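J.: what's the 3D shape of this:
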Amino acid sequence: MSRLTRRAGPRPSACMFFLTPRYIKHARQLHKGVTRFIDYKRDLLAPAKLEQICGLRAELEAAMRQRDKKRIESLHEEINRVCEKALPHAPHSELGENIEVFFVAIVIALGIRGYIAQPFQIPTGSMQPTLNGITAQASAEDPRPGPIGWLTSFLTSTRHIHVVSDHTGYLRDREPLTEHRFLIFMPYCKLHFRDGKTIRIMAPQRQLMDELQLGAHVNSIPVEVTDDTPDVRRVYGLRGGEHIKKGQLLASGWVQNGDHVLVDKFSYHFRTPVRGEVFVFTTKHIEGIRVPEEQGSQHYIKRLAGVPGDKLEVAPPKLLINGQEAGEPGFQKVMRGTYEQPVEGYRGYSDPRVVGGRIDRIELGNEQYFAMGDNSYNSSDSRAWGPVPERNLVGPAMLCYWPLTRHWGVIR
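T.: Numbering: from 1, shown residues only. Alright, predicted model coming up:
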């Protein structure tokens, strides 16, 4: 989530796509691949090798602009060769091969299961209090618990963090703080020093910079990375070049992972989406949502507020559908409270301008759906970026399977 974003330009027409020379199409795929290689392997690459690969990518971009077919073909071989030799090779190991086979089997099983159900983690608070995103809280003292506390932490998916620097030096100037993931559920960050040293902090970047106050601990003024998030909260990073001393406190507190939900990817092939259900969709083809081209698309989870043909109006704190107050249980739950007097955390629906939107009334056309977050005052949704195309729908959210909190069970 700590990625620089830019607004995507207009998509080429199908006609233009078919007229594009094959070598340009291959060059675009190569550019996409080398960009992902740099993003995923940056912390493993030697500085000189990273600089070499970035330079080759720049040459590829220039050759694409000039439509230099011979140069593109030579760069294809050179980039592949350099990337293959860029990472240190691990020694041969039978145990390693067995582990690899084990994980391949898991991937195959998940791939088959992916046609029916798919797990997702809720990263933000746009659906609170129905579903929790990742939350954090700073602590003045070491929060790490004893053995019994560790069991409770596991069941509630809570990480207790107390990180003190074991190194003295300057943070690197470019991307001193990066976010990574362990498997698919546990985001964490790395601090990068100029001399190649890294320090791992088991917290997502947004929570690390905001609630856990990494910037204050390292005497740095945070810089904004992006504000294009499902709950319209800005994400910050470090400027770079900060001096860190051994023994200096970097972060102390706890992080609770967002709810993990299982999404039904099967039902929408046989039934139409039902107004009021919680559903997941992709951000592709939604021009108002800025996602880097190399990232492709993201998944958002919201409540389905409108289906094709519906006329919607946001009249805070109410939502009107076809001239009547929304009667589905999910909407009724949200509208029980107001901003001044919340009921069980629900505050009603906010004016779209609160979240940078302008759509307070709309009539949906064919294959258009309207998505809204239950945490309306902190939800970037269709009020800001318009309807969701039918082709983007993934499926309804079935159940929250982790952690074992009050949200565990069927999602309503």
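J.: and the gap between the closest residue in space to Glu344 that isn't next to it in sequence and Gly288?
T.: In this structure, Glu344 finds its nearest non-sequential neighbour in Pro129, 6.7 Å apart by CB to CB, 6 or more residues apart in numbering. C-beta: built from backbone N, CA, C; applies to glycine. Pro129 sits 26 Å away from Gly288, going by CB to CB, to the nearest Å.
J.: CA atoms of stretch 355-369 as CSV?
T.: Only the C-alpha atoms of stretch 355-369 are listed here, as CSV (Å, rounded to 0.1, in the frame of the first residue of the first chain):
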residue,chain,number,x,y,z
VAL,A,355,-14.9,11.8,1.3
GLY,A,356,-14.1,14.0,-1.7
GLY,A,357,-17.1,12.8,-3.7
ARG,A,358,-19.8,14.6,-5.7
ILE,A,359,-22.4,11.9,-6.4
ASP,A,360,-25.3,12.3,-4.0
ARG,A,361,-27.9,11.0,-6.4
ILE,A,362,-27.7,8.7,-9.4
GLU,A,363,-29.8,6.4,-11.6
LEU,A,364,-27.9,3.3,-12.5
GLY,A,365,-27.7,2.0,-16.0
ASN,A,366,-27.4,-1.5,-17.3
GLU,A,367,-24.5,-3.5,-15.8
GLN,A,368,-23.8,-0.8,-13.2
TYR,A,369,-23.7,-1.3,-9.4
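J.: Let the chain start at 16 from now.
T.: Right, with 16 as the first residue, what we last looked at is stretch 370-384.
J.: Give the buried residues for that stretch.
T.: Residues of stretch 370-384 classed as buried by neighbour count (16 or more other CB atoms under 10 Å): 370, 372, 374, 377, 379, 383-384.
J.: re the thing from before, for Thr420, see how far away the residue nearest to Glu359 is.
T.: Counting by CB to CB, the gap from Pro144 to Thr420 is 11 Å.
J.: Can you check which residues contact both of those two?
T.: Common neighbours of Pro144 and Thr420 are not found (criterion: CB atoms under 8 Å, 6 or more residues apart in numbering).
J.: Have a look at those two and say which one is more surrounded.
T.: Pro144 (17 against 14; other CB atoms under 10 Å).
J.: So that one sits against Val358, correct?
T.: No. Look at Pro144 against Val358 with CB atoms under 8 Å: they stay out of range, at 10.2 Å.
J.: What residues of stretch 179-191 count as buried?
T.: Here stretch 179-191 shows 180, 184, 186-187, 190-191 as buried, counting by 16+ other CB under 10 Å.
J.: do the same with stretch 343-362
T.: 343, 345-346, 348-350, 352, 361-362.
J.: what's the nearest residue to Phe281 if we skip its chain neighbours?
T.: Nearest one to Phe281, counting by CB to CB, 6+ apart, is Ile131 at 4.9 Å.
J.: Tally up the residues packed near that neighbour, please.
T.: 12.
J.: For it, give its distance to Asn337.
T.: For Ile131, the distance to Asn337 - CB to CB - is 33 Å.
J.: try Cys415
T.: The value you get for Cys415 to Asn337, if CB to CB is used, is 31 Å.
J.: Compare those two and say which one has the larger neighbour count.
T.: Neighbours were counted for Cys415 and for Asn337 using other CB under 10 Å; Cys415 has more, 22 against 12.
J.: Could you name the specific helix or strand carrying the more buried one?
T.: strand 408-417 (DSSP states H and E).
J.: just Lys56 next, same as before
T.: Going by DSSP H and E, Lys56 is part of helix 37-56.
J.: Show me the strands in the stretch 66-215 of the chain, by range?
T.: With DSSP state E, counting those that start in this stretch as the criterion, the stretch 66-215 of the chain has strands at 132-136, 150-153, 173-179, 184-185, 192-197, 201-207, 213-216.
J.: right, and the helix or strand after the last one?
T.: The reference is to strand 213-216. By DSSP H and E, the next helix or strand past strand 213-216 is helix 220-224.
J.: Give the buried residues for the next helix or strand after that following helix.
T.: From helix 220-224 onward toward the C-terminus, using DSSP H and E, the following helix or strand is helix 229-232. Buried residues in helix 229-232, counted by 16+ other CB under 10 Å: 229-230, 232.
J.: packing partners for helix 229-232?
T.: On a contact count with 3 or more CB pairs under 8 Å, 6 or more residues apart in numbering; DSSP states H and E, helix 229-232 meets strand 264-271.
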